[in-house]
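A.B. asks: please find the sequence and the predicted model below.
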Amino acid sequence: MNKIRFLRSFIHLFVLLFPVSSQAILVSHLDQPIDQSRPKKSATFKQRYFLDSKYAEGPNSPVLFVICGEWECSSEDLEGTVEQLAKKFGAHLVALEHRYYGKSLPFSKLTVENLAFLKTENVLRDLARFQNFATEHHSLRGKWVAVGYSYAGNLAAYYRVQHPELIAGAIASSAPVEAKTDFTEWNDHIAKVVGETCFAALRSESNEIGRFLTVKPKSALKMRRLFEGMENLLDPSEFVLELKQRIDEIVFDGRRVELCKSLEYQDKNSRLNHFAAVINRYPSRSFETKSGKFENEIEALDPWAYQQCTEYGFFVDNLTPDTALSKYLNSPYGHELFCWTTFGLQDPPKTHLINRKYYEPIISGKIDRILFVNGTEDPYSRLSVSRERGNHVNSSCLFYTVENGNHCADFSEIDPYPELKKMMFEALNKWFY
């Protein structure tokens, strides 16, 4: 294993220093100030980027700037729809990894104090500084267009707002550009997407599970064991909250038909077993419990959780009566306790600042050349810009909604959506040339 690891490292280093052909994807880094507000006095970190020029004709070819979000960036982020666009327009493909994710880590160990530099303002300055670096260092002198999906779609749109002099346009797919602490629309959307009949069945099953855990707590172990990773959630409200989070993920991923079918069985035990089987295909996403143990996705000092607590919100733990999945969803252990316990944050996220600086200029018509793409089944479309929301008042931007599309439906390929493909081609042709 050590020999293989050494060989891989040697090959990777050789490719970086001596590219064997124009087809190779360059993986490299630049030194970025940790504190972009004081770049000359700040310590630096190595921010990773990827460059693929196989479709470009030369230094004046256009550039598709793929902004990576809250994940580890890789060469796969240069595939799918963006690669189709690069091939069509003979463009360079560039991806920049987000600070605090993947291998672009400002600190070797995360502390609450170190996370203080994880701000949207710093992220956008990273983008601008990298673009200037790449223009000079890699001779990428053509026009640039930013592309992003989900939260990274926010950044693509915000980057256009902040630096219209640097990029000719932006494509923001499934981008919840309006920051909001209590994302109650999420629950409204989930109820709407699954339909009245299925939601009634989900509510009935969830209430029955909560009732059984309440009335027969000692004999409920067998039932709890049907749901993997939830065996130790003894409190009915905590158990049903976890159940709700997994149901949300299933609908979010476009698997609502499978979920709803599991509830069509008349026999009580068969229905519960099939329901649990569908739920178990999604890992535990526990937010918090009475014991204060935060599990799996939302862990202590998780960078995205910090961004939620400080700037974006997007919390879905507060429910309206009409869209509450169960009467047992009455746990007070919501995001306020999580943010305070984990990060020592007592103030709510500063969503008003994000909206004032980036969202309001978009809807007020002060900025142009942003294409917003959403899906009708995507809950995050409720915080984006679209005709369905009625906030598409900026005639200088473009809007497209994928019917029956879920989150980032257009990310992997564009061919299934010919109207959107035509819109993208026309927009890029105008922006690039």
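C.D. replies: Done, it's in.

A.B. asks: so where is the stretch 1-150 of the chain shaky, pLDDT-wise?
C.D. replies: Applying pLDDT under 70 to the stretch 1-150 of the chain flags residues 1-23.

A.B. asks: show me where it has strands.
C.D. replies: Assigned by DSSP state E, counting those that start in this stretch, the stretch 1-150 of the chain shows strands spanning 26-33, 44-52, 63-67, 92-96, 144-149.

A.B. asks: for the fourth one, C-alpha coordinates in PDB please.
C.D. replies: It stands for strand 92-96. Provided in PDB are the C-alpha atoms of strand 92-96 (Å, rounded to 0.1, in the frame of the first residue of the first chain):
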ATOM      1  CA  HIS A  92     -11.500  26.800 -20.400                       C
ATOM      2  CA  LEU A  93     -12.900  25.100 -17.300                       C
ATOM      3  CA  VAL A  94     -11.800  26.300 -13.900                       C
ATOM      4  CA  ALA A  95     -13.000  25.200 -10.500                       C
ATOM      5  CA  LEU A  96     -12.000  26.800  -7.100                       C
END
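
A.B. asks: mind giving me the packing neighbours of that strand?
C.D. replies: Applying 3 or more Cβ pairs under 8 Å, 6 or more residues apart in numbering; DSSP states H and E, one finds that strand 92-96 contacts strand 44-52, strand 63-67, helix 81-89, helix 120-137. All C-beta atoms are positioned from the backbone trio N, CA, C, and that covers glycine.

A.B. asks: direction included, what does the shortest one pair against?
C.D. replies: The strands beside strand 63-67 in its sheet (DSSP bridges) come out as strand 92-96 (parallel), strand 144-149 (parallel).

A.B. asks: angle of it against helix 81-89?
C.D. replies: Angle, strand 63-67 to helix 81-89, by axes from the mean of the first three to the mean of the last three Cα atoms, to 10 degrees: 170 degrees.

A.B. asks: so who does V63 touch?
C.D. replies: Listed by Cβ atoms under 8 Å, 6 or more residues apart in numbering, the contact partners of V63 are A91, H92, L93, V94, A134, L140, G142, K143, W144, V145.

A.B. asks: what's the spacing between the second one and H392?
C.D. replies: H92 sits at a distance of 31 Å from H392 (criterion: Cβ to Cβ, to the nearest Å).

A.B. asks: with neighbour numbers in mind, choose between these two.
C.D. replies: A count of neighbours by other Cβ atoms under 10 Å puts H92 above the other of H92 and H392, at 26 against 17.

A.B. asks: and the more buried one, what are its bridge partners?
C.D. replies: Counting by DSSP bridges, H92 forms beta bridges with V63.

A.B. asks: correct me, but it touches F50?
C.D. replies: No. Using Cβ atoms under 8 Å, H92 is not in contact with F50, being 10.9 Å away.

A.B. asks: related to what we said a few turns ago, in TSV: the strands paired with strand 63-67, plus distance to S384.
C.D. replies: Output for the strands paired with strand 63-67, formatted as TSV (distance: least, Cβ to Cβ, whole Å):
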stretch	distance to S384
strand 92-96	22
strand 144-149	12
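
A.B. asks: S219: which of those is closest?
C.D. replies: Nearest of these to S219, taken as Cβ to Cβ: strand 144-149 at 46.2 Å.

A.B. asks: got the angle for the closest one vs helix 120-137?
C.D. replies: Computed with the same axes, to 10 degrees, the direction of strand 144-149 lies at 140 degrees from that of helix 120-137.

A.B. asks: give me the domain ranges for the chain.
C.D. replies: Domain assignment for the chain by automatic domain parsing gives 22-179+352-432, 181-343.

A.B. asks: so Y359 is in contact with A175, correct?
C.D. replies: No. Checked against Cβ under 8 Å, the pair Y359 and A175 is beyond contact range at 10.4 Å.

A.B. asks: more neighbours: these two, which one.
C.D. replies: Taking other Cβ under 10 Å, Y359 and A175 do not tie; A175 has more neighbours (29 against 23).

A.B. asks: ok, for that one, nearest residue in space, not its chain neighbours?
C.D. replies: Distances taken as Cβ to Cβ, 6 or more residues apart in numbering place G153 nearest to A175, at 2.9 Å, with adjacent residues excluded.

A.B. asks: what about the stretch 301-433 of the chain, any weak spots by pLDDT?
C.D. replies: Residue ranges of the stretch 301-433 of the chain with pLDDT under 70: 317-324, 328-334.
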